[in-house]
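> sharing a model prediction with you, sequence too.
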Amino acid sequence: QVHLVESGGGLVQPGGSLRLSCAASGSIFEIYRMGWYRQAPGTERELVAAIISGGSTNYADSVKGRFTISRDNANNTVYLQMNNLKPEDTAVYYCYTNVRPHWYSAYNSFWGQGTQVTVSS
């Protein structure tokens, strides 16, 4: 089993910044992809940003130029630096990862419990 622990959410004013962290622990042989999704009330969960083991990244168009995803492979941790936050960024942010628990395993997907980000004056 793999556990994802998120931190860094909170309340921030428009134009402010937050940094989310997500640490993976448990049975981990290899992590391929780590990323962040978000879900606002009444909407579907959407991809915010993702990073694969080689370092390639992709972002939702709505956050390009404002958010930066990075990864610490040694500590199985992914970060999301969010700058110039807007009220429409308000959502629950979920960490996500594709992990091979053992050398003989297929990749499995795991989710964090979510952390609330609220952008409001």
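That came through, no problem. Numbering: from 1, shown residues only.

> so for the protein, the centremost residue is which one?
Trp36 (2.6 Å; Cα atoms, centre = their mean).

> who touches that residue in this structure?
20, 22, 47-50, 69, 78, 80, 93-96 (Cβ atoms under 8 Å, 6 or more residues apart in numbering). Where C-beta positions appear, they are placed from N, C-alpha and C, glycine not excepted.

> likewise for Gly8?
Neighbours of Gly8 in contact, by Cβ under 8 Å, 6+ apart: 18-21, 115.

> just the pLDDT for it.
Looking at Gly8, its pLDDT reads 95.

> what about it, distance to Gly35?
15 Å (Cβ to Cβ, to the nearest Å).

> what's the answer for Ala106, then?
From Ala106 to Gly35 the distance is 19 Å (Cβ to Cβ).

> between those two, which one's more packed in?
Gly35 (23 against 8; other Cβ atoms under 10 Å).

> now do the SS call for the residue of the chain most remote from its centre.
Within the chain, the residue lying farthest from the chain centre (Cα atoms, centre = their mean) is Tyr104, at 26.4 Å. Of the three states, Tyr104 takes coil according to DSSP: H, G, I helix; E, B strand; the rest coil.

> now do the phi/psi pair for it.
Torsion angles at Tyr104 (phi, psi; degrees, to the nearest 10) stand at phi -100, psi 0.

> do Asp89 as well
The phi/psi pair for Asp89 (degrees, to the nearest 10) reads phi -80, psi -10.

> pull the number of nearby residues for it.
22.

> for Asn75, grab phi and psi.
Residue torsions, per degrees, to the nearest 10, at Asn75 are phi -110, psi 10.

> what about stretch 69-77, how long is it end to end?
Distance between the boundary residues of stretch 69-77 (Cα to Cα, to the nearest Å) amounts to 11 Å.

> the residue farthest from the centre of the chain and Thr43, how far apart?
Applying Cβ to Cβ to Tyr104 and Thr43 gives a distance of 38 Å.

> farthest-separated two in the contacts of Gly8?
Farthest pair in these (Cβ to Cβ) is Arg19 and Thr115. Separation: 11.3 Å.
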